[in-house]
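Student: Here is my input, please return the structure:
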Amino acid sequence: MRLFQWAMIPILLVASCQDGKGMDGMSSDMGADASVQTVADAGVDAGIDPSLDAAMTPPADAGADGGVCGGVTVYQLKSGIYNTLAVPALSESCGLGVTAANLMVQRELQNDGAGTIVIYAIGAAPKLILGAGMVRCNRGTLTGANTLVQNGCVFTASTSIDLTVTGANQFTMVVTQTRSGYTQDPTPGAPTCRPPSGGSCSVNYTAQLAL
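Tutor: Alright, predicted model coming up:
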């Protein structure tokens with residue numbers, strides 16, 4: 001099922017196709033008028049209760065680290081809608097024309113209370129998973145993959161997020177998204193797909209968020 005959405009990059013972001021300036025795949029940050037279909041969610045249940053108010057690590061790591069994290073203070077990430085405070089770094093080779101201002105968007109974070117964090121791009125229905133994975137001792141790597149459709153192209157956007165919890169309900173994410181596997185959109189009337197040079201491209205940025 002394809003879902004039509006406005007402005008998806010983050011990843012977390014098919015703009016390298018013809019005259020596309022979009023950033024789909026990353027909610028309001030990557031994509032203009034892009035249809036998005038989630039094909040992989042890193043095995044994470046998209047129905048995690050958003051009201052969870054648990055630590056971002058398993059109970060043994062919550063608050064005082066109990067010796068597990070080498071004496072560092074382990075911070076909580078509550079489930080909720082997080083605001084982007086700054087985008088200090090951005091580069092892309094997909095010809096999107098995206099700016100830091102395009103990435104100043106909200107993200108939804110869900111915490112299952114056992115160490116698994118899921119970050120969603122909001123603005124699509126169903127929500128698009130940017131990345132999911134374990135976070136322990138304030139650090140973790142989240143991954144996700146989605147099939148995106150825009151400007152006559154169908155392609156795979158694979159996203160990796162290096163997440164660092166910097167304080168209570170605050171985190172920095174370093175996002176790397178690779179777009180590849182470009183094919184023609186078979187939808188009748190779709191424009192001709194023009195893949196990027198070499199058949200793939202990437203979008204990379206750093207964002208600081210807080211609840």
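
Student: only C-alpha atoms for contact and neighbour calcs from this point on.
Tutor: Noted.

Student: From residue 74, how far off is residue 175?
Tutor: Separation of residue 175 from residue 74 (CA to CA, to the nearest Å): 22 Å.

Student: go on, residue 85?
Tutor: Distance, residue 85 to residue 74, by CA to CA: 21 Å.

Student: In terms of neighbours, single out the busier of these two.
Tutor: residue 74 (23 against 17; other CA atoms under 10 Å).

Student: which non-adjacent residue is nearest residue 199?
Tutor: Once flanking residues are discounted, residue 199 sits nearest to residue 180: 6.2 Å by CA to CA, 6 or more residues apart in numbering.

Student: what sits against that neighbour?
Tutor: 155, 156, 157, 199, 200, 201 (CA atoms under 8 Å, 6 or more residues apart in numbering).

Student: run the last query once more with 6 Å
Tutor: Residues near residue 180 by CA atoms under 6 Å, 6 or more residues apart in numbering: 155, 156, 200.

Student: for residue 175, same thing?
Tutor: Shown in contact with residue 175 (CA under 6 Å, 6+ apart): 11, 160, 161, 204, 205.

Student: Most neighbours among the residues you listed, which one is it?
Tutor: Tallying neighbours with other CA under 10 Å puts residue 11 at the head of the contacts of residue 175, with 36 neighbours.

Student: tell me the pLDDT at that residue?
Tutor: Residue 11 is assigned a pLDDT of 37 by the prediction.

Student: do residue 2 as well
Tutor: 42.

Student: if we can go back for a sec, so which of the contacts of residue 180 belong to strands?
Tutor: Using DSSP state E, the members of the contacts of residue 180 that fall in strands are 155, 156.

Student: Just the buried ones out of the contacts of residue 180, please.
Tutor: 155, 156, 200 (16 or more other CA atoms under 10 Å).

Student: And for residue 184, the neighbour number?
Tutor: A count of nearby residues for residue 184, using other CA under 10 Å, gives 18.

Student: That one: what's it in contact with?
Tutor: Residues near residue 184 by CA under 6 Å, 6+ apart: 152, 153, 193.

Student: Verify the stated contact: the last one with residue 153.
Tutor: The reference is to residue 193. Yes: counting by CA atoms under 6 Å, residue 193 does reach residue 153; the two are 4.7 Å apart.

Student: Residue 203 looks like it's in a helix, true?
Tutor: No: going by DSSP: H, G, I helix; E, B strand; the rest coil, the assignment for residue 203 is strand, not a helix.

Student: could you dump the contacts of residue 184 to JSON lines with distance to residue 116, neighbour count and secondary structure?
Tutor: Output for the contacts of residue 184, formatted as JSON lines (distance: CA to CA, whole Å; neighbours: other CA atoms under 10 Å; DSSP: H, G, I helix; E, B strand; the rest coil):
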{"residue": "152", "distance to residue 116": "35", "neighbour count": "23", "secondary structure": "coil"}
{"residue": "153", "distance to residue 116": "33", "neighbour count": "25", "secondary structure": "strand"}
{"residue": "193", "distance to residue 116": "37", "neighbour count": "19", "secondary structure": "coil"}
